[in-house]
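S.K.: here is a sequence with its predicted model. Questions after.
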Amino acid sequence: MSQSLDTSRIKEWRSIVTLIVFVATNVIVLFPFHIPIPVPVLVYDGFKSTLSALRIKDFDEPDKHTSPDSDDTVEQKRVVWMRVPINFITAPLIADLFLLAILTIGRKEVHDGTVGANHIYPVDIMVFFITLAYIAISIDASGLIRWLAYRVLQIGGKNGHRLFFYLYTFFFALTTFMGNDPIILSGTPFLSYMTKVSINIQSPRAWIFTQFAVANIASAILVSSNPTNLVLAGAFDIKFITYTANIIVPVVVTAIVLFPFLLYVLFRDESLIPSSIEIHELPEELKSREPANPNIPYAKGAETADEGSELTRVSTLEEIMNPYLDKVGAIFGSVIMAATLITILALNAANNGEAFPAYWVTLPAAFIMFCFDLSSGWIRRSVTMEVAEKGRMEVEEAKKRQGVRVGGIEKQSGMTGLDDSTSKGETDDEKQPIESRTLGTSNSHPNGPSVLSERAPFDSRKDPHDSTSSGETDGISKQVVPRTRRRTLASATNDAWQWSRATFPTTTTVLSFLPLNLVPFALCIFVLVQALVTKGWIAVFAYGWTHWISATGTVGAIGGMAFLSVILCNFSGTNIGTTILLCRVIQAWVEINERRGGEISERTFWATVYSMALGVNYGAFSTAFSASLAGMLWVQILGRKGIRVGAREFAWVNLPIIVFTMVVGCAVLVGEVYVMRSEKAYTG
């Protein structure tokens with residue numbers, strides 16, 4: 001018996017530790033936290049002095065060292081408490097390093113978990129996904145998705161039910177080709193704005209939850225639409241066109257049947273989806289005005305300087321009713337995306353069973369798109385930089401009129417952080433490119449604190465670290481004297497980034513949105529799953545699945561795998577971790593039957609595989625934000641737009657949706673496999 005099927009190894013202490021570490025890691029992904037670590041003041045201050053001496057970064061004033069149990073600053077502490085984030089990025093990495101340190105895993109697990117083994121090639125998958133995501137997000141940055149949504153809004157008119165249907169169809173169709181991330185990035189803010197400017201939509205719940213569910217349902221159709229599909233197709237050598245042909249019927253039927261369920265059952269309340277929608281009218285002079293490019297920092301100037309003002313509400317309405325569209329960028333990106341997908345499908349279908357690295361197509365295509373974005377930005381740099389500078393000055397003037405810190409003078413409340421973002425001249429346009437990047441910050445959980453307040457406003461002429469020290473007596477600010485700061489590596493880097501944002505707005509926006517944090521997360525999860533393989537745990541799960549199939553047959557295979565995949569999405573490192581784990585289990589299940597001389601019918605095998613495909617895609621809208629990275633991104637975008645979605649509400653609203661969609665999808669899949677598949681033995 002091969003080492004991967006030797007279940008006796010699970011009795012060894014290293015195998016037990018591996019399972020415990022795997023479970024603990026996935027629990028942490030679900031419930032991230034911070035660890036306070038005491039650092040001696042001498043070490044902390046010495047480190048800061050070293051950074052300052054090397055001109056890496058200057059610090060404005062001596063730190064007030066803080067106790068981890070209190071928000072009150074305490075002077076002259078012996079230690080400084082550093083809060084280390086333990087989240088979906090750091091937890092898997094720490095777990096891998098720990099297993100390496102105790103010699104539980106070694107070179108083989110790291111190699112097979114990153115480079116690849118058993119037809120799963122993580123590095124290839126990540127390169128394919130990131131490069132294709134660049135093209136999709138570049139199309140989104142051109143304004144095409146919001147412009148199309150605006151056109152759908154126009155067509156739908158004021159009939160609430162008709163508009164709900166049009167938006168439902170629009171998001172489903174667009175997600176099919178572009179993937180769920182661009183739709184969430186652009187569609188979620190659009191819906192939040194639309195519900196805000198509507199007079200009689202009392203809650204955005206129906207619209208935002210429907211969009212999130214539809215985006216994840218439609219992402220199951222094409223292999224390229226979701227990294228989970230890439231893992232699954234690679235694990236079982238499924239051609240892209242074959243995958244789509246087998247999954248499209250259950251997905252489309254699910255989408256068709258789900259619509260009346262949402263409209264007439266789950267969201268039937270008139271306050272959620274009114275029969276007639278009343279939307280504030282945009283003034284005529286604003287309808288004819290050239291829309292501002294949201295990728296340019298401070299593009300709207302003072303219009304968003306005062307949050308909650310009438311001017312801001314008009315600006316929000318304008319963003320919906322007069323959206324920005326870069327026609328050249330949208331057309332070029334759409335052509336590149338279409339050519340890329342067609343080429344991938346054609347080459348994948350014609351490879352005659354041989355491995356075909358799909359990134360051979362997406363990498364050159366993304367490079368072409370990147371060069372186009374850079375070139376268009378450079379050609380129009382004089383205009384975009386002028387817009388950015390003018391808008392920055394307007395914001396500064398508006399903030400000065402409000403008596404708030406601008407550029408280098410602190411807001412005199414003594415508070416900093418997420419709720420004080422406006423105190424630094426940060427407009428809604430400034431926040432927008434950060435909404436996807438927050439997944440890669442020190443704390444990615446939607447309920448955790450943010451580090452967004454550390455960014456300085458755009459000013460190509462000033463050192464962003466120029467600042468002043470301020471005094472405060474009984475809430476009344478004293479006069480402050482600016483202090484000139486020398487140029488450091490940190491300030492130079494910040495200057496370069498702000499200059500790039502004004503010069504290459506599309507490129508920098510796309511790079512900010514790019515889900516690069518997915519790469520270390522997925523690779524570390526791959527290594528953890530590979531550790532379970534070599535320590536015998538995957539074999540144990542596979543033997544359990546073998547007994548289940550023997551008892552329940554094909555229908556049991558569909559129901560059992562659907563249930564497992566949805567549940568594990570919430571507890572196994574998002575739907576990506578679940579796909580990796582279940583693919584290994586199915587591979588071991590096939591090997592067990594081969595060694596026993598038994599047979600798995602084609603009907604049962606493919607029923608299992610495609611049931612898992614439904615589960616890992618639909619499982620994103622189940623009970624936890626961390627069931628998918630898209631869920632964490634979705635809730636953070638809503639939070640920045642003033643819509644709070646709690647964990648309990650997320651689970652409560654999604655529970656009937658996930659139950660309904662999985663029952664419908666699995667029922668259709670049962671009929672499909674009995675019609676299309678035979679009982680002859682599966683041969684691989």
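M.R.: On my side now, so go ahead.
S.K.: and the helices in the stretch 451-600 of the chain?
M.R.: Along the stretch 451-600 of the chain, counting by DSSP state H, counting those that start in this stretch, helices occupy 489-503, 505-513, 518-534, 537-569, 574-596.
S.K.: and the first one, what does it pack onto?
M.R.: Packed against helix 489-503, as judged by 3 or more CB pairs under 8 Å, 6 or more residues apart in numbering; DSSP states H and E, are the following elements: helix 381-402, helix 505-513. Heads up, the C-betas are built off the backbone N, CA and C, glycines and all.
S.K.: one step back: out of the helices of the stretch 451-600 of the chain, which gets nearest to T254?
M.R.: Minimum separation from T254 across these (CB to CB) falls at helix 537-569, 12.1 Å.
S.K.: related to what we said a few turns ago, let's have the helices of the stretch 451-600 of the chain in TSV, adding mean neighbour count, mean pLDDT and distance to I238.
M.R.: Output for the helices of the stretch 451-600 of the chain, formatted as TSV (neighbours: other CB atoms under 10 Å; pLDDT from 0 to 100; distance: least, CB to CB, whole Å):
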stretch	mean neighbour count	mean pLDDT	distance to I238
helix 489-503	17	90	41
helix 505-513	24	92	29
helix 518-534	25	87	19
helix 537-569	20	93	16
helix 574-596	23	88	11
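S.K.: and V249, what does it touch?
M.R.: V668, E672 (CB atoms under 8 Å, 6 or more residues apart in numbering).
S.K.: which helix or strand contains it?
M.R.: In this structure, V249 sits in helix 240-261 according to DSSP states H and E.
S.K.: below-threshold pLDDT in the stretch 251-400 of the chain: ranges please.
M.R.: 301-315, 352-355 (pLDDT under 70).
S.K.: can you rerun that using 90?
M.R.: For the stretch 251-400 of the chain, the stretches with pLDDT under 90 are 269-271, 274-325, 341, 344-359, 386-400.
S.K.: got the phi and psi for the closest residue to S678 other than its chain neighbours?
M.R.: Counting by CB to CB, 6 or more residues apart in numbering, E602 is the residue found nearest to S678 once chain neighbours are left out, at 5.9 Å. For E602, the backbone dihedrals are phi -60, psi -40 (criterion: degrees, to the nearest 10).
S.K.: list of residues touching stretch 590-605?
M.R.: With CB under 8 Å, 6+ apart as the criterion, stretch 590-605 contacts 1-2, 4-5, 539, 542-543, 546, 549, 553-554, 557, 589, 673-674, 677-682, 684.
S.K.: please redo it, this time with the cut-off set to 7 Å
M.R.: Residues outside stretch 590-605 that contact it (CB atoms under 7 Å, 6 or more residues apart in numbering) are 1, 5, 542-543, 546, 549, 553-554, 557, 673-674, 677-682.
S.K.: would you indicate which residues of stretch 363-373 are buried?
M.R.: Under the neighbour-count criterion of 16 or more other CB atoms under 10 Å, stretch 363-373 has L363, A365, A366, M369, F370, F372, D373 buried.
S.K.: run through the neighbouring helices and strands of the helix or strand where A206 lies.
M.R.: For A206, the host element (DSSP H and E) is helix 205-218. Applying 3 or more CB pairs under 7 Å, 6 or more residues apart in numbering; DSSP states H and E, one finds that helix 205-218 contacts helix 160-178, helix 180-197, helix 240-261, helix 602-618, helix 629-640, helix 647-676.
S.K.: mean confidence score for the shortest one?
M.R.: The reference is to helix 629-640. For helix 629-640, the mean pLDDT works out to 86.
S.K.: dump the C-alpha coordinates for that helix into CSV.
M.R.: C-alpha atoms of helix 629-640 as CSV (Å, rounded to 0.1, in the frame of the first residue of the first chain):
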residue,chain,number,x,y,z
LEU,A,629,-12.5,35.7,0.0
ALA,A,630,-15.3,37.3,-2.1
GLY,A,631,-17.5,37.3,1.0
MET,A,632,-14.9,39.1,3.1
LEU,A,633,-14.4,41.6,0.3
TRP,A,634,-18.2,42.1,-0.1
VAL,A,635,-18.8,42.9,3.5
GLN,A,636,-15.9,45.4,3.7
ILE,A,637,-17.1,47.3,0.6
LEU,A,638,-20.6,47.6,2.1
GLY,A,639,-19.1,48.8,5.4
ARG,A,640,-17.2,51.6,3.6
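S.K.: that helix: how far from the chain's middle?
M.R.: Put simply, helix 629-640 sits 7 Å off its chain's centre (CA atoms, centre = their mean, to the nearest Å).
S.K.: report all helices and strands that it contacts.
M.R.: Helix 629-640 makes packing contacts with helix 180-197, helix 205-218 when contacts are defined by 3+ CB pairs under 7 Å, 6+ apart.
S.K.: how about TSV for those helices, with mean neighbour count, distance to F170 and mean pLDDT added?
M.R.: Formatted as TSV, these follow (neighbours: other CB atoms under 10 Å; distance: least, CB to CB, whole Å; pLDDT from 0 to 100):
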stretch	mean neighbour count	distance to F170	mean pLDDT
helix 180-197	24	9	86
helix 205-218	26	9	94
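S.K.: tell me which of those helices lies nearest to V529.
M.R.: Shortest distance between V529 and the helices and strands packed on helix 629-640, using CB to CB, is found for helix 205-218: 22.3 Å.
S.K.: quick one, the closest one and helix 180-197 angle?
M.R.: Computed with axes from the mean of the first three to the mean of the last three CA atoms, to 10 degrees, the direction of helix 205-218 lies at 170 degrees from that of helix 180-197.
S.K.: contact partners of helix 205-218?
M.R.: When contacts are defined by CB under 7 Å, 6+ apart, helix 205-218 is touched by residues 168, 171-172, 175-176, 180, 183-184, 187-188, 191, 195, 251, 254-255, 262, 267, 272-273, 617-618, 620-621, 630, 634, 638, 653-654, 657, 661.
S.K.: got it, and stretch 174-194?
M.R.: With CB under 7 Å, 6+ apart, stretch 174-194 has contacts from 133, 136-137, 139-140, 145-146, 149, 153, 171, 204, 207-208, 211, 214-216, 218-219, 221-222, 224-226, 316, 319-320, 341, 436, 513, 515, 630, 633-634, 637-638, 641, 643.
S.K.: let's see it at 6 Å
M.R.: Applying CB atoms under 6 Å, 6 or more residues apart in numbering, the contact partners of stretch 174-194 are 136-137, 140, 145-146, 149, 171, 207-208, 211, 215-216, 218-219, 221, 225, 316, 319-320, 436, 513, 630, 633-634, 637, 641, 643.
S.K.: backbone dihedrals for V79, please?
M.R.: With angles defined as degrees, to the nearest 10, V79 sits at phi -130, psi 160.
S.K.: that one and V39, how far apart?
M.R.: Using CB to CB, to the nearest Å, V79 is found at 6 Å from V39.
S.K.: before we move on, back to that, let me know which of the helices of the stretch 451-600 of the chain is the nearest to N293.
M.R.: N293 lies closest to helix 505-513 among those, at 6.4 Å (CB to CB).
S.K.: from the chain's centre, how far out does the closest one sit?
M.R.: 15 Å.
S.K.: can you check stretch 179-194 too?
M.R.: 12 Å.
S.K.: so where do the helices sit in the stretch 251-400 of the chain?
M.R.: 284-287, 310-321, 327-349, 359-379, 381-402.
S.K.: still on that earlier bit, out of the helices and strands packed on helix 489-503, which is closest to L100?
M.R.: The nearest among those, by CB to CB, is helix 505-513 at 31.3 Å.
S.K.: which neighbouring elements make contact with that closest one?
M.R.: helix 122-141, helix 359-379 (3 or more CB pairs under 6 Å, 6 or more residues apart in numbering; DSSP states H and E).
S.K.: comparing these, which comes out most buried?
M.R.: Highest mean neighbour count among the helices and strands packed on helix 505-513 (mean count of other CB atoms under 10 Å): helix 122-141, with a mean of 24.
S.K.: which residues touch that one?
M.R.: 114, 178-179, 182, 185-186, 224, 227, 230, 295, 333, 336-337, 357-359, 362-363, 366, 369, 506, 509-510, 513, 519, 523, 526.
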